[in-house]
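>>> Fold the following, please.
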Amino acid sequence: MSTEFIVVRCSNLKCSRFSYCKAKQKTKLCPYCGRRIQLSKTKHYPAETTIIARKLVQEFNKRLGKMKEPKWYKPE
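All right, here's what the predicted structure looks like:
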């Protein structure tokens, strides 16, 4: 199967959290700190669906001890 999504880590040393995006993108804006991530320069992990990518992001961020919501997220 083809890789539709990738999981990437923010290049900001203070942030360093994981997020996911489509594999065809060249850059990604970190949802936590706002830094632009160059996808060609970072290590990335392939995922076939958004569900798998989301679970990988949750697991990686949990291991970092940084399970905070993105700053754009506002619970109702």
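>>> Please report phi then psi for residue 25.
Dihedral pair for residue 25: phi -70, psi 160, per degrees, to the nearest 10.
>>> Does it touch residue 37 like I think?
No. Using CB atoms under 8 Å, residue 25 is not in contact with residue 37, being 9.6 Å away. In short, each C-beta sits where N, CA and C put it, glycine included.
>>> Same drill for those two, tell me which one is more crowded.
residue 37 (19 against 12; other CB atoms under 10 Å).
>>> Residue 8 is in contact with that one, correct?
Yes. Using CB under 8 Å, residue 37 makes contact with residue 8 at a distance of 5.8 Å.
>>> which regions of this structure sit below the pLDDT cut-off?
1-2, 66-76 (pLDDT under 70).
>>> Not counting its neighbours along the chain, what's nearest residue 49?
Of all residues not flanking residue 49 in the chain, residue 4 sits nearest, at 6.7 Å (CB to CB, 6 or more residues apart in numbering).
>>> so the one you found sits right up against residue 21, yeah?
No. Judged on CB under 8 Å, residue 4 makes no contact with residue 21 at a distance of 10.4 Å.
>>> ok, back up a step: anything in contact with each of residue 37 and residue 8?
Counting by CB atoms under 8 Å, 6 or more residues apart in numbering, the shared contacts of residue 37 and residue 8 are residue 28.
>>> Look up how far residue 60 lies from the residue most central in space within the chain.
For the chain, residue 19 is the residue whose C-alpha lies nearest the centre (CA atoms, centre = their mean; 1.1 Å). Distance, residue 19 to residue 60, using CB to CB, to the nearest Å: 10 Å.
>>> Overlap of the contact sets of the two?
residue 7.
>>> Quick one: the helices in the chain, in order.
Listed in chain order, the helices of the chain (DSSP state H) span 50-64.
>>> Make sure the residue nearest to the centre of the chain is actually in contact with residue 29.
No. Look at residue 19 against residue 29 with CB under 8 Å: they stay out of range, at 9.0 Å.
>>> And for the nearest residue to residue 20 once chain neighbours are set aside, the neighbour number?
The shortest distance from residue 20 to any residue other than its chain neighbours is 3.8 Å, reached at residue 53 (CB to CB, 6+ apart). The number of residues packed near residue 53 is 23, by other CB under 10 Å.
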